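[1] Kindly return the folded structure for what I paste below:
(chains A and B)
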Amino acid sequence: MNQQLLMQLRGVTAEELQFLEQLTNGFNEEQTKNFVLIYGNKRKDPQDILLFTLLGFVIIAGVQRFVLGQIGMGLLYLFTGGLCIIGTIVDLINHKSLTMEYNRKVALDAAQMARILK
Amino acid sequence: MIKAIPPFELIFWILALLLLATAKPGEQHYSICPLANLGWNWCPGCGLGRSIVHLLHGNFSQSLRQHWLAIPALAIIAYRTIQLSRQFILSLKTINQA
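    Sure thing, here's the model as predicted:
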């Protein structure tokens, strides 16, 4: 039951799913539904981050970092053209891990909220 | 003790900082910056690399002359590196506990 609700999340990865199952262990159905609602709204889809990173090759670099809440890094990328494109390439290779880092943080928040709203 | 590979971005930053720290300040060589190689002169970040090299060698005035934002830029990179390192060490701990 838990798993079915979790799998609805757009672009969810296997690693993410595993983490979420551990996190929502012991949640009743109501809590899981709330969690999916809250987390679903806060999380980022890795593919969106990939697309934002690709912008760095054509128009403007660093958007992916701003979207993930890393303002300092975003500004650095913005002013240096994505660290002379090298940063953009690194983020391209790394986009899944970057998104996972953000989603992890957001998931912990959401789980806490879902737990309270029993 | 299980060995895990540190995340790609962490390796990238540590490598970058090492390369910058071991470069000779003021040395002139080919630029890896594709913007500079294409001839674009209006890049607002131009000189940050050279500036950070000066910083890592203690030449504050030369660093500021190359680019006045090098100190915050280095601070941001250092912060990110520490952030990633902490995450990595934490992940090692949880893997060992499991």
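
[2] Give me the contact list for the strand or helix carrying B:Leu15.
    Using DSSP states H and E, B:Leu15 maps to helix B:8-22. Contact with helix B:8-22 is made by A:90-91, A:93-94, A:97-98, B:49, B:52-53, B:56-57, B:77-78, B:80-81, B:84-85, B:88, as judged by CB atoms under 8 Å, 6 or more residues apart in numbering or on different chains. No exception for glycine: its C-beta is placed from N, CA and C like everyone else's.

[3] The residue of chain A found nearest chain B - how many residues pack around it?
    Distance from chain B to each residue of chain A (CB to the nearest CB) is smallest for A:Thr80, at 3.3 Å. Other residues lying near A:Thr80 total 25 when counted by other CB atoms under 10 Å in any protein chain shown.

[4] mind checking how far it is from B:Leu15?
    A:Thr80 is 17 Å from B:Leu15, where distance means CB to CB, to the nearest Å.

[5] ok, which residues in chain A are in contact with chain B?
    Proximity of chain A to chain B (CB under 8 Å from any CB of the partner chain) is limited to residues A:70, A:72-73, A:75-76, A:79-81, A:84-86, A:90-91, A:93-94, A:97-98, A:101.

[6] next one: stretch A:102-114 to chain centre, how far?
    Centre-to-centre, stretch A:102-114 and its host chain are 11 Å apart (CA atoms, centre = their mean, to the nearest Å).

[7] Looking at B:Ser31 now. What's its pLDDT?
    Note on B:Ser31: pLDDT of 65.

[8] Give the residue spans of chain B that score low on pLDDT.
    B:1-3, B:26-46, B:97-98 (pLDDT under 70).

[9] report the longest helix in it, please.
    helix B:70-97 (DSSP state H).

[10] can you give me the angle that helix makes with helix B:8-22?
    130 degrees (axes from the mean of the first three to the mean of the last three CA atoms, to 10 degrees).

[11] Tell me which other helices or strands the one helix or strand A:Gln3 maps to touches.
    Under the criterion of DSSP H and E, A:Gln3 resides in helix A:2-6. Here helix A:2-6 is seen to pack against helix A:14-23, helix A:29-42 when contacts are counted using 3 or more CB pairs under 8 Å, 6 or more residues apart in numbering or on different chains; DSSP states H and E.

[12] which residues touch the longest one?
    Among residues not part of helix A:29-42, those counted as contacts by CB under 8 Å, 6+ apart are A:1-2, A:5-6, A:8-10, A:20, A:24, A:27, A:106-107, A:109-111, A:113-115, A:117-118.
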